[in-house]
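Enquirer: Sequence and predicted structure are below.
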Amino acid sequence: MLLKIAVGCDHTGIEHLNELKKYLSEVSLEYGIEEVVELNGEDYPEVALSAANAVSSHTTDRAVLICGTGIGMCIAANKVKGIRAAVCNTPELAAISRKHNDSNIIAIGARLITPSLIPQIIEKWLSTDFEGGRHAERLNKISAVEENPLSLKYGKSGERLTIFDHPLIQHKVAMIRNKNTSVKDFRDLIQEITSLMVYEITRYLPTVPIKVETPLAITDAVACEGRSLAIVPIIRAGIGMVEGILQLIPNAKVGHIGLYRDTETLNPIEYYCKLPDDVNEREILILDPMLATGGSAVAGIELIKKHGGQKISFVCIIAAPEGITKVHEEHPDVHIYTATLDSHLNDHGYIVPGLGDAGDRLFGTE
């Protein structure tokens with residue numbers, strides 16, 4: 001495999017860069033180096049970001065960057081998707097960065113090493129292969145966060161859980177907890193909280209390029225892909241969250257799952273299920289304001305999977321630890337999004353401190 005390598009430095013690394021270019025030209029045949037691209041810029045962020053974008057877009061295969069310590073170049077380069085940059089001021093670090101981290105960029109500190117050490121560092125970096133295995137699994141976790149930062153895993157058991165701490169969301173959660181909040185205000189607040197949460201959840205929906213004609217010119221723009229989202233409320237409380245999403249995404253398809261909780265066993269009982277025909281092609285958000293025991297959530301997820309649904313997330317406003325544990329024991333692939341994580345369940349299966357029965361408060365029943 002032929003390699004294209006980008007190289008660059010700031011004002012501190014000119015002597016080291018010359019040594020680097022000399023060494024790469026000497027070993028180009030040995031390591032199959034087809035081209036060395038020198039990048040220039042007024043400051044290290046410009047050089048690092050140019051190199052990182054070149055590697056990310058596969059214009060080049062790897063890059064070597066030099067600044068005072070290597071740290072600045074490394075930080076800047078790692079801002080770009082797909083980059084695995086490491087500071088390597090010793091041959092040993094260069095080898096480990098390849099073996100364990102599959103580094104595609106290394107950053108070197110000109111103030112910390114002499115130019116004569118450059119060949120030793122680069123030799124180790126070029127000659128060491130990525131081991132894969134458990135290291136690949138760890139890199140996959142990082143890549144998942146790059147694709148969707150909200151997929152970051154939290155908690156001791158590593159469960160897929162996102163708790164939104166946005167001030168507006170937390171302010172509105174405090175309002176729905178208040179027992180004196182009216183039915184109308186409660187209903188409006190549930191929709192508003194859902195909108196704020198889903199605005200963040202859908203940040204990484206796939207898009208397609210389109211052309212739009214403005215009053216002045218035709219311009220490039222993007223649009224969400226056609227078959228992208230389905231929302232599935234669990235009847236009845238989940239219905240209160242639907243309008244908050246449809247105001248943002250009016251073309252989302254809506255399914256419904258009917259479940260009620262047996263008052264004795266607290267187990268869910270199914271009585272209705274209607275899903276979009278193309279549910280297997282869509283990102284699916286299951287909606288229920290409360291994740292208490294987790295029984296209804298698990299039952300809803302199982303129904304959707306039986307109908308071919310694969311990309312499933314569960315969206316609630318208040319969750320209990322028991323419910324999160326239940327969902328992730330049964331369906332570890334499902335990501336849970338919630339506005340807050342409460343303390344525990346009481347003997348009747350209600351979340352404490354919670355807000356009472358969400359369905360009753362939404363619809364004015366008892």
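Expert: Perfect, thanks for sending it. Because the structure is predicted, anything quoted here is derived from the model rather than measured.
Enquirer: any weak-confidence spans in the stretch 201-350 of the chain?
Expert: 226-227, 266 (pLDDT under 70).
Enquirer: if you go through it in chain order, where are the strands?
Expert: 207-213, 218-224, 229-235, 253-254, 256-261, 268-274, 283-287, 290-291, 311-315, 318-319, 335-338, 340-341, 344-345 (DSSP state E, counting those that start in this stretch).
Enquirer: Quick one: those strands as CSV, columns for mean neighbour count too.
Expert: Heads up, the C-betas are built off the backbone N, CA and C, glycines and all. CSV is the format used below for these (neighbours: other Cβ atoms under 10 Å):
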stretch, mean neighbour count
strand 207-213, 10
strand 218-224, 11
strand 229-235, 24
strand 253-254, 17
strand 256-261, 18
strand 268-274, 14
strand 283-287, 25
strand 290-291, 26
strand 311-315, 23
strand 318-319, 25
strand 335-338, 23
strand 340-341, 19
strand 344-345, 16
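Enquirer: Is it possible to get a markdown table of these that adds distance to residue 30?
Expert: Output for the strands of the stretch 201-350 of the chain, formatted as a markdown table (distance: least, Cβ to Cβ, whole Å):
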| stretch | distance to residue 30 |
| --- | --- |
| strand 207-213 | 42 |
| strand 218-224 | 44 |
| strand 229-235 | 51 |
| strand 253-254 | 57 |
| strand 256-261 | 62 |
| strand 268-274 | 63 |
| strand 283-287 | 47 |
| strand 290-291 | 58 |
| strand 311-315 | 46 |
| strand 318-319 | 57 |
| strand 335-338 | 46 |
| strand 340-341 | 55 |
| strand 344-345 | 63 |
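Enquirer: Which of those sits closest to residue 171?
Expert: strand 340-341 (11.7 Å; Cβ to Cβ).
Enquirer: partner strands of that closest one, parallel or antiparallel?
Expert: According to DSSP bridges, strand 340-341 forms sheet pairs with strand 318-319 (parallel).
Enquirer: hmm, who's touching the partner strand?
Expert: With contact meaning Cβ atoms under 8 Å, 6 or more residues apart in numbering, strand 318-319 is reached by 173, 289-291, 336, 338-342, 351, 354-355.
Enquirer: would CSV of the residues you listed with distance to residue 41 be doable?
Expert: Output for the contacts of strand 318-319, formatted as CSV (distance: Cβ to Cβ, whole Å):
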residue, distance to residue 41
173, 46
289, 51
290, 53
291, 49
336, 43
338, 43
339, 43
340, 45
341, 45
342, 50
351, 54
354, 55
355, 54
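Enquirer: Between these, which sits nearest residue 221?
Expert: Nearest to residue 221 among those, with distances taken as Cβ to Cβ, is residue 339, at 31.7 Å.
Enquirer: my guess is that closest one meets residue 171, correct?
Expert: No. Using Cβ atoms under 8 Å, residue 339 makes no contact with residue 171, being 10.6 Å away.
Enquirer: quick one: which of the two has more around it?
Expert: Ranked by neighbour count (other Cβ atoms under 10 Å), residue 339 and residue 171 place residue 339 first, with 23 against 11.
Enquirer: Longest helix in this protein, please.
Expert: Criterion DSSP state H: the longest helix present in the chain is helix 183-201.
Enquirer: Would you mind getting the angle between it and strand 229-235?
Expert: 150 degrees (axes from the mean of the first three to the mean of the last three Cα atoms, to 10 degrees).
Enquirer: Report the secondary structure state of residue 121.
Expert: helix (DSSP: H, G, I helix; E, B strand; the rest coil).
Enquirer: Please name the residues that touch the nearest residue to it once chain neighbours are set aside.
Expert: What sits nearest to residue 121 in space, not counting adjacent residues and going by Cβ to Cβ, 6 or more residues apart in numbering, is residue 94, at 4.8 Å. The contact partners of residue 94, by Cβ under 8 Å, 6+ apart, come to 88, 106, 121, 122, 124, 125, 128.
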